[in-house]
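Student: Okay, here's the prediction I keep looking at, along with the sequence it came from:
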Amino acid sequence: MTSTATDLLLEATGVSKAYGAVVALRSASLAVRPGEVHALMGANGAGKSTLVKILTGAVRPDGGRITLRGRERTAHSPAEARRSGLVSVYQEPALIPDLDIRSNLRLTETPVEPFRHWLAELGLAGLDLAAPARRLPLATLRIVDLARALAIEPDVLMLDEMTAALPANLTERVLEVVGRQRGGKRSVIFISHRMIEIGAVCDRATVLREGETVGVVDVTAGSEDRIVELMLGQAVEDLAAQSGVARRAIAPGATPRLAARGLSHGTKLHDGTFDLHPGEVLGVVALEGQGQDELFDILAGSERPSGGELLVDGSPVAFRHPADAIRAGLVYVAADRAEALLMQRSVRENIALPYTTRLRHWGLIDLGAERRQVDGAVTTLQIDARAGSEVRRLSGGNQQKVTIARWVAGGVRTMLCFDPTRGIDIRTKAQIYVLLRDLAEAGAAVLLYTSELKEVQLVCDRAIVIFGGRVVAEIDAANADEPSLLRAAYNLRSDAPMPEVAAAESVAAETMVTNGTADPAATPRPEADR
Amino acid sequence: SSGGSAAPSGKSFTIGYSNGGGVGNGFREEQVCTAKAQALASGQVSTLTTIHRNTDAAGQLSDIRDLIAKGVDAIVFNPNDPAALNPALEEANKAGIKTVSVDAYVTDPTTYNLYNNQIKYAELGAKWLFDQLGGSGTVYYMRGLAGHPADSDRDIGFKNVLKDYPNIKVVPTADGVFTGWDPATATQLINDFIASGQYDQINGIWSSGMGQQVVDGIKAANKPFVPIVDADLYGFVAQLLDPTGYPGLKGAAVTNTAAVGGAGVALALKLLNGEKVETDPSASQPNTVLLNPVLADNVTDAGKATLKSWQVPGLDPGWPLGLTIQGWTTYTPEQAIACKGPGDK
Amino acid sequence: MSAAAGAVEGARTRPAGAVAAFARRNAWTLGLLAFLVVLLLFTKLIQPRYGPVQVQGLAISVLPLALAAVAQAVVVIGGGIDLSIGSMMAFTSVVSATAMQGQSAEFGVVVVLGVLLLGVALGAVNGSLVVLTRVPDIVVTLAMSFVWAGCALLVRAAPGGGAAEWLKDLVLGSIGSEWIPQAAVVLLVIVGAIWLPVRRSRVGLSIYAIGSNRLAAFRSGVPVGRTRLSAYVVTGLFSAFAGLSLTASTGIGTPVPGPYTLMAVAAVVLGGVSLAGGRGGVLGPIVGVVVLQLIRTDMTFLDVNTNLAVVAQGIILIGVVMVGSLVQMRRARA
Amino acid sequence: MSAAAGAVEGARTRPAGAVAAFARRNAWTLGLLAFLVVLLLFTKLIQPRYGPVQVQGLAISVLPLALAAVAQAVVVIGGGIDLSIGSMMAFTSVVSATAMQGQSAEFGVVVVLGVLLLGVALGAVNGSLVVLTRVPDIVVTLAMSFVWAGCALLVRAAPGGGAAEWLKDLVLGSIGSEWIPQAAVVLLVIVGAIWLPVRRSRVGLSIYAIGSNRLAAFRSGVPVGRTRLSAYVVTGLFSAFAGLSLTASTGIGTPVPGPYTLMAVAAVVLGGVSLAGGRGGVLGPIVGVVVLQLIRTDMTFLDVNTNLAVVAQGIILIGVVMVGSLVQMRRARA
Ligand SMILES: Nc1ncnc2c1ncn2[C@@H]1O[C@H](COP(=O)(O)OP(=O)(O)OP(=O)(O)O)[C@@H](O)[C@H]1O
Ligand SMILES: Nc1ncnc2c1ncn2[C@@H]1O[C@H](COP(=O)(O)OP(=O)(O)OP(=O)(O)O)[C@@H](O)[C@H]1O
Ligand SMILES: [Mg+2]
Ligand SMILES: [Mg+2]
């Protein structure tokens, strides 16, 4: 299939952008045909988001040419791009927290009726438009953002990791809606690190590597390997071979490192009960909002449980502060790097901070010892710290590694990882898997919540499943294939069929804030307020 | 208004006192203290409500309205502006409240004014200083608070005398610099002036109440003193009388009594009691009582003796020395220093 | 009243729901109003003669600070802060008093319009500098506070000048009932005539948007720079009104800035406007100013030592804001 | 010097790299120092008699504001702001001047120590209120500025008191060379003796951490409340030093706060400390204060009208900060 410049809806050639010494985009090209869903692929730091921002006028390029329907144009602001038919759903919700949904629509001059239509299509019919955005959960905000973009009827819709923060059921809906755009007038640029989603909805994929377009691939049954190869610039063989690590048998009757007994918190967590042993990686699987956030917050000492008991090495503990948990050896790796890192401080300080707060003594910090610890951790995690004087200058993947390195520096006893590979490229993911296994081999206990179900078999010894605030199942790694985990996550018997629609609606209802009209106790904890 | 304390005349009044600036300024603080002392000593005042804060004319307007709302019998105040307070003063007049402006005049026709003759104050000092310089030289002209009536009157007096001395040059400009009667500003000004080397080119300083800070600044910079004239503040007079601490310091102090506060209360009581008040027809406003200043220097023996006779031990350095005014105030200097009004413990 | 609205809700269909929603959105302002009523009753208790004349005096006293607080509220809602409000007031006040002195009433009208334009210009300069230099608002406006204060002193080194009689009369006395002070009506008319249209327009929505989340606003297509500029322009305009109210109530212009800038920040916070931006309205700050003034009046009635009164005012300010936050937190949790 | 370090990087192995890294991290401070040198040369040019005595005078006059700027820098780095610094200075200054008046030199030492403790206590009160009430820093400290100013007036209604001779002599004259003013040495010794150990300890790291990202710091085990409190305590201590320097340089205590609070904010920004917290050091603000003072001195030399000088200072403040930001942005891009 060849295309002349005139059948292209949107074409970008030789786009470049540098942030200081780091080149975000070297020479990126992208050609989008009318009516196609076009994947934009690339490892972390490849420049996908930057390219999308340039296309929609949120960032000025240093160089390059952008044409829309054959006419050269450069948007200077998202508003201008919107007027010429380019709309993006960015990675961070672009809704104004203090304005209600209706005012947010007014701000973007979005017609209300089409918006309601798309909202219903996406599974959120009946959302209260008078609810302030800050009261809505993140997943709902993403859907609202998408519905708003669709309601503007853009020519090119760009979705930057739209599905990353969505529960499985809403992801389904989004993929369905995106899939329906194929062959129409509208084109979609789709960014995701999940290969399966690419395969499901995309026609072609443009692959970026280190700021350069390295290939365009037609998405077919066997194109997955080709894409990954282009992304990484190397063959993929040994990446998958990381799985199948030797599982360690837990001696019966041994004292668990961590024992949770009936932990509860507010209206979300009712019965958190499990054992975590030294030397094992225990997976935690749950749909969005089943109480896993609360469980991890309690274990990390940021929230106090309203009931239940927590034992470390057999003795009961009550954490009043993360510092208590850290002293008891429980360290927390957050999914959201912005919650974990001091963005304007150096890599060294970020790694040293929890290490030094673990020291009980006052007085001067031993800079020499500290440097050795930090350098060791940087090497262990293969962090590219060239732009290390400020963490915000690192790419997403390297930032994520820093959040782990800071704990590795001081020696790990128990690590609590909350979706640590969210939005991380596949090579970095593999490195993190290896690291977690190595920590377990060395005698650490690892609790790993993951939204990517295949990670359970890759790294975990076994997994627990949380539903409705209770631990409802425990599954051995051997049996933890994706279908079984998904069934357990929906709390279905293993032989029952998946009632997709019913499940989707129940979760969707929960993500909606019925502001003021229903029992306030039923209102889910507003995520944006945290 | 009801009164608890037994008054000799059988009457008991409530008086409001408003000071719209100069918090922390010795002259204004002493003025408030003399008002309290007079209220106590008169035996005719049951409460003296003092509102003493740094504010602008609009703020003082609202303070005076608060005093009217409180229902006092008379309001004594040190005005922030000659005309700005008139609306509230008219309201007071309508409510039958006597009003007395002290330290400066206001243009409201029903208000009585009682203040030091500031034109004369400036004339006395300027004449002494220019004579010290033999009628020729350069003088650093440090003024007070821009726009304050006392400052404007002093400027008139200073310029009256300057006309007769063609060989006196005034720096930095003919209109001088303003200290705002703020010690910190005054210190800053003199330090900058010395640091810039301009101090080395002058022969005398005419200062408006910040003499102590000026002398300290010169001493700190290790510069020789030039003749200086200022008000009769305790700290400055002590410097004039301390040849070992301040070798070579020549200066003169002009009286500028802060007891106008006490005299103002006395005047208000006269009005409330229906007594006749002698006014000065030469003043710019009707209903005005003028108090005349005197000058003493540390150059002549007579002057030194006068300065010594003014000294009141234990006074704050920023306070003027004339604590009482003959014919007006009835308290003792100790009562003024104690700074207690009726009902104060 | 909707000038105080925290969120820009569309009207509901059911009226009962609308009232409840209104109360919820304006809880802070309503709470503060209740506090004000209690304070008024207390004032009447300790000073039985407190009546219409005193209420008129109260209205005149609060006018300049209330306008300054509205000025501050607008820019704070937009995520900025303006430390030059006091200086702009001094500048506009001396310009108006100098230009009006000894002139006819008609010329006074011209001067008032000119001074309002001057306020717009000052705000535009502040806003342009903030937008163009990318220096933080607090720094730019702090620096500009020196500039405008210096300009005020250049116009007139000492207090003086005059005001047209109609301007002085505008804020005196009452209108309709003797309980309705003319100054209060003037305040509400000015605020209503300017802020309500702005509030209801796209610009107002955009000001809330950039204050709430600047990046999200940018991505929603809000012209961020232009909107910040507009917020500063509105602030400049209200500062000019505040300066004119100083001229009207005192009849002169004073070149040295009064304590309005920081008091306006205090009043804005007391009035329920978040310093983080995006939340609050202009009615709350006005009520906050009245509360602050009435507390001072009560201290005069109670013969509190002035120095103690200063201390007490600070403590009360923390206390009210703290109680308010606690109530809001409780409400948010319930 | 490392007091100014924006980041606590370990020294590199290659010394050349270390110097380059140091220069990169402290670019703002070094740029400001360069500007100061240019300004000094300019001063010498327009006033050839400018020499050691003038430099000593410069050091004495910047001392109070420099200490106030350091006090402000610490709390700003920790993500807060303290609008009560000027009032704390007035309070500590009147307490010291009142207690020392007419007393022996030895008693003077006791008073100095007591006043420093008082500063710690004032800072602790500010910090506790900020932490416990959850009211924004700017509001709490604004309210406390009234409280401390009132306390200062309660101690001493008017300027007065005295200072021990040794205290006054401490800041006078030079030490070693006549070009090294004693006041500058005192400043560096105080700052070095307090800030360097804090900076190098866990508390210092934690202050930068909470200023940079409070949630991340909390999750990393930093006791956020206690650290904020510590920042305010350090600020209180430096404010007490600033108050003592007022007493030392004027020989009296003045109860009315000078213009130090907002000038300290200006100096901190000029010194490269981000008002958003987490970035900057204390050396930059000190250089910033010297620059501001020297600009004022130069205007005196040039006989600029005082009112114009006020205007010019504001414009220069914006200009310097703007040029600094532009240079930093360019550097980040290059
Ligand atoms: N503000 C910045 N300052 C310096 N470098 C930056 C900045 N923003 C991005 N970069 C660098 O540009 C490169 C591309 O970043 P970008 O975030 O666009 O990539 P990406 O494909 O979205 O990767 P990721 O999935 O890791 O976020 C990265 O190496 C990053 O370090
Ligand atoms: N207007 C801006 N000014 C300065 N830096 C910006 C601006 N907009 C974005 N950045 C920076 O660019 C960097 C890259 O952002 P981008 O969204 O491409 O990465 P990301 O969020 O890490 O993406 P990914 O989802 O792939 O992890 C971020 O570090 C961000 O701070
Ligand atoms: Mg991305
Ligand atoms: Mg990215």
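Tutor: Looks like it came in fine. Ligands and ions are numbered 1, 2, ... in the order given.

Student: Now do the buried residues in stretch C:148-165.
Tutor: When burial is assessed from 16 or more other C-beta atoms under 10 Å in any protein chain shown, stretch C:148-165 yields the following buried residues: C:148-164. (Each C-beta comes from the backbone N, C-alpha and C, glycine too.)

Student: Among the residues you listed, which ones lie close to ligand 3?
Tutor: Subset of those in contact with ligand 3: empty, counting by C-beta under 5 Å from the ion.

Student: For the stretch 201-334 of chain C, which residues are neighbours of chain B?
Tutor: Within the stretch 201-334 of chain C, the positions near chain B by C-beta under 8 Å from any C-beta of the partner chain are C:246, C:249-252, C:254-256, C:258-259, C:293, C:296-297, C:300-301, C:303, C:306, C:310.

Student: Quick one: residues in contact with the helix ranked longest in chain A.
Tutor: The residue-count maximum for a helix in chain A (DSSP state H) belongs to helix A:426-441. Applying C-beta atoms under 8 Å, 6 or more residues apart in numbering or on different chains, the set of residues contacting helix A:426-441 from outside is A:43-44, A:193, A:228, A:231-232, A:239, A:242-243, A:245, A:248, A:279-281, A:380-382, A:397, A:400-401, A:404, A:408, A:412, A:415, A:417, A:420-421, A:424, A:446, A:448, A:455, A:458-459, A:461.

Student: re the thing from before, which of the residues of the stretch 201-334 of chain C next to chain B are buried, as a PyMOL select command?
Tutor: Applying 16+ other C-beta under 10 Å to those, the buried members can be selected in PyMOL as follows:
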select buried, chain C and resi 246+249+250+251+252+254+255+256+258+293+296+297+300+301+306+310
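
Student: For ligand 1, what is the nearest residue in the stretch 201-334 of chain C?
Tutor: Taking C-beta to the nearest ligand atom, ligand 1 has its nearest neighbour within the stretch 201-334 of chain C at residue C:215, 13.3 Å off.

Student: How about the stretch 301-450 of chain A?
Tutor: Checked against ligand 1 (C-beta to the nearest ligand atom), the nearest residue in the stretch 301-450 of chain A is residue A:396, 3.0 Å away.

Student: Residue A:49 versus that residue, what's the distance?
Tutor: Note on residue A:396: its distance to residue A:49, by C-beta to C-beta, to the nearest Å, is 9 Å.

Student: more neighbours, these two?
Tutor: Using other C-beta atoms under 10 Å in any protein chain shown, the more surrounded residue of residue A:396 and residue A:49 is residue A:49, with 22 against 17.

Student: May I see the buried residues of the strand or helix carrying residue A:377?
Tutor: Secondary structure here is read from DSSP states H and E; on that basis residue A:377 sits in helix A:367-380. Under the neighbour-count criterion of 16+ other C-beta under 10 Å, helix A:367-380 has A:370, A:373-374, A:377-378 buried.

Student: angle of that helix against helix A:426-441?
Tutor: 120 degrees (axes from the mean of the first three to the mean of the last three C-alpha atoms, to 10 degrees).

Student: now what about helix A:367-380, what contacts it?
Tutor: Among residues not part of helix A:367-380, those counted as contacts by C-beta under 8 Å, 6+ apart are A:347-348, A:351-352, A:355-356, A:385, A:405-406, A:408-410, A:435, D:10, D:200.

Student: centre of the chain versus that helix, how much separation?
Tutor: Centre-to-centre, helix A:367-380 and its host chain are 29 Å apart (C-alpha atoms, centre = their mean, to the nearest Å).
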